[in-house]
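Chemist: With the sequence up front, the predicted model follows.
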Amino acid sequence: MKALLAAAALILGSAAADPGVTLDGPPMQGALLRGAAPAGTLSLTLDGRPVPLAGDGRFLIGFDRDAGPEARLVIRRAGGEQVQTLRVAPRAWRIEHVGMARPSGGPTPAFQRLREGELARIGAARTAASDSIGWTQHFIWPARGRLSGQFGSQRIYAGGVPAAYHSGTDIAAGAGAAVVAPADAVVTLAPPPMFSLEGNLVILDHGMGLTSAFLHLSRVSVRTGDHVRQGQPIGAVGATGRATGPHLHWSLMWNGARVDAAAFVGGTP
C-alpha cells in the first residue's frame, strides 16, 4: 500500500493531507488500472461516467485507445466533492501507411440489417453487469501462441484516410488449441448463433464494468449464464467469421472504453 500511495502522489500530484484516489500505474491511452478511493467515498465518476466502486473502496478505471490528454475524476463524499485531473500519457501506436486509396464500396442493406441485430446483442452482453470478482485477480493469457496482432494498430490510406484501429490482441495458434478464461467471470454471450464477422463469439463479464470477448472460436464449451473460473476452458481457437487463419482475437473493454489486454496481463502468451 505504501508503494501504491507513493506512485499515486507522482501520478496525480495530490496534496499529502488528502491524497484522493490511488492508482497502481500511470494513466495512459489504452491502460486499465486498479485503484483505491479514500475512506468515506460515496461515488466516483470519470469524465462524467460512473465508476463502479467495491465496498472496500477498490475500483477499476480504463482509458480508451484515443483518450485525450486529461481525464476528470470526481470523488463524492459526505462533505462534498473533490476533483482530480488525471494526465493521460499518449501511446505510440503501430501505424501502417498504405499508398493506395481505401477500398470503396459498403455493406448491402441486407447485411446492415443483420449487423444491427448482431451489434445489439453484443452491446447488451458487454453491459450486462454481474457480481463477479474476477476483476480482482491477476489475469492470465487465454491462449498460448504467437502475438500476431497488436491492440491499437491502424492503417492510414492515401490522402490520410484512416481505417478502424485494431481493437484487440491477436494470438496465432493451431485450430483447436484451448482457450481459457483469463479470470473468473460470468458468461454473458455464447453461441448459437454464429456472428457474421466475429464467428463463434464468447463474452465474459469479470465484474466492475470489465468484459472480455473471444472471437473466431472453432468450438465453444460454455453457455450464457455459466460461471467460469480462471483457467477453465471456454472454447478452442478457430477461424470462424471473418478471419484469414486460425487465431484468437481477445478484446478487453471497461465501461465502453477499449483497453489493451496485452499491457494489462503483461509478458507473452
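Modeler: The structure has been received and is ready for your questions.
Chemist: how near is Ile133 to Trp141?
Modeler: 20 Å (CB to CB, to the nearest Å). Yep, even glycine has a C-beta here, placed from its N, CA and C like the rest.
Chemist: Give me the more crowded residue out of the two.
Modeler: Trp141 (20 against 14; other CB atoms under 10 Å).
Chemist: which secondary structure element contains the more buried one?
Modeler: For Trp141, there is no enclosing helix or strand under DSSP states H and E.
Chemist: How about it, nearest residue that isn't a chain neighbour?
Modeler: Pro269 (4.0 Å; CB to CB, 6 or more residues apart in numbering).
Chemist: so how many other residues sit close to the one you found?
Modeler: 18.
Chemist: for Leu42, same thing?
Modeler: Leu42: 11 neighbours (other CB under 10 Å).
Chemist: Kindly report the same for Pro52.
Modeler: Neighbour tally, Pro52, other CB under 10 Å: 18.
Chemist: for it, what are its contacts?
Modeler: Contacts of Pro52 were listed using CB atoms under 8 Å, 6 or more residues apart in numbering, and they are 59-60, 129, 207-209, 255.
Chemist: Tell me the pLDDT of Ser218.
Modeler: We have a pLDDT of 96 for Ser218.
Chemist: hang on, it packs against Ala239?
Modeler: Yes - taking CB atoms under 8 Å as the definition, Ser218 is a contact partner of Ala239 at 7.3 Å.
Chemist: Now do the shared contacts for those two.
Modeler: With CB under 8 Å, 6+ apart as the test, Ser218 and Ala239 both reach 175, 246.
Chemist: For the spatially closest residue to Ala261 that is not a sequence neighbour, list the residues it contacts.
Modeler: Closest residue in space to Ala261, ignoring its immediate chain neighbours: Leu252 at 4.0 Å, by CB to CB, 6+ apart. Residues near Leu252 by CB under 8 Å, 6+ apart: 32, 168, 210-213, 258-261, 264.
Chemist: quick one, domains of the protein?
Modeler: As recorded under automatic domain parsing, the domains making up the chain are 2-87, 95-265.
Chemist: Compare those and say which comes out lowest on pLDDT.
Modeler: Among the domains of the chain, domain 2-87 scores lowest, with a mean of 82.
Chemist: quick one on the thing from earlier: most packed of the domains of the chain?
Modeler: domain 95-265 (a mean of 17; mean count of other CB atoms under 10 Å).
Chemist: Okay, helices next: where are they in the stretch 51-200 of the chain?
Modeler: 109-126 (DSSP state H, counting those that start in this stretch).
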